[in-house]
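Undergrad: No letters, just coordinates:
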């Protein structure tokens with residue numbers, strides 16, 4: 001299979017209308033959420049731990065479904081998607097960066113970046129070329145043949161970000177991506193995200209507990225006790 005490295009989405013990326021979410025036997029963690037994400041947006045969900053930020057990102061990223069309300073992602077009504085269809089959209093059009101760095105320890109940095117392409121059926125030579133292209137772009141080519149335990153925590157998280165980009169997604173979900181990084185490495189990761197947003201028009205939805213970190217986004221929403229409101233827009 002050939003990899004389309006730059007997918008073009010000029011319409012709405014996602015929209016949520018009156019979305020509620022509760023897990024079995026628990027109170028609603030999200031309450032009446034309305035949110036629109038457009039092509040090239042960089043927005044941040046800001047709120048304290050336990051506010052529902054990760055749950056909201058999981059719904060936007062097709063990792064979970066709402067209890068009530070309507071969600072559309074890339075023009076598809078999520079309620080009408082089969083699990084296989086949702087999985088295909090996740091693989092081809094959405095990249096994920098989580099606060100826990102989950103690189104596979106027994107394969108190289110280059111091979112870790114190749115994993116999403118392997119799952120998509122991209123041929124070996126093209127996978128390798130794409131992984132090296134990403135490493136070159138972000139100045140980490142020298143790490144290609146090293147293993148995760150041989151590189152720093154900050155480098156591991158930037159590699160995780162490159163892995164999220166491997167299939168040329170239109171949307172990046174970043175759930176507290178710098179939670180375990182020092183200030184210098186956090187800034188490097190934020191620069192990577194801003195470059196993707198500015199140069200490639202990748203839409204980014206990030207969650208954080210930090211007002212300072214939220215400042216990298218163009219639009220910041222506040223999530224408190226399950227309710228979402230617009231904080232500010234640049």
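TA: That came through fine. Quick caveat, the model's predicted, so the values are computed rather than measured.
Undergrad: Would you map the helices across this protein?
TA: 53-60, 83-93, 109-120, 124-137, 153-165, 183-200, 211-214 (DSSP state H).
Undergrad: Could you export the ones you listed to TSV, including columns for mean pLDDT and mean neighbour count?
TA: Every residue, glycine included, has its C-beta placed from N, CA and C. TSV is the format used below for these (pLDDT from 0 to 100; neighbours: other Cβ atoms under 10 Å):
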stretch	mean pLDDT	mean neighbour count
helix 53-60	97	23
helix 83-93	96	15
helix 109-120	97	20
helix 124-137	96	16
helix 153-165	92	22
helix 183-200	91	16
helix 211-214	94	16
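Undergrad: Return the residues in contact with residue 77.
TA: Residue 77 sits next to 70-71 when contact means Cβ atoms under 8 Å, 6 or more residues apart in numbering.
Undergrad: Residue 146 now?
TA: 108-109.
Undergrad: Could you report the pLDDT at it?
TA: According to the prediction, residue 146 has pLDDT 98.
Undergrad: any idea how far residue 73 is from the most centrally placed residue in the chain?
TA: Among the residues of the chain, residue 173 comes closest to the average C-alpha position under Cα atoms, centre = their mean, at 1.9 Å. Going from residue 173 to residue 73 by Cβ to Cβ, to the nearest Å gives 11 Å.
Undergrad: shared neighbours of these two, anything?
TA: residue 60.
Undergrad: what about the nearest residue to the residue nearest to the centre of the chain once chain neighbours are set aside, how many neighbours?
TA: Nearest residue to residue 173 in three dimensions, chain neighbours excluded: residue 61, at 4.1 Å (Cβ to Cβ, 6 or more residues apart in numbering). Number of residues near residue 61 (other Cβ atoms under 10 Å) recorded here: 21.
Undergrad: pLDDT wise, what is the residue of the chain positioned farthest from its centre at?
TA: Here the chain reaches farthest from its C-alpha mean at residue 25, the gap being 28.8 Å by Cα atoms, centre = their mean. Listed pLDDT for residue 25 reads 79.
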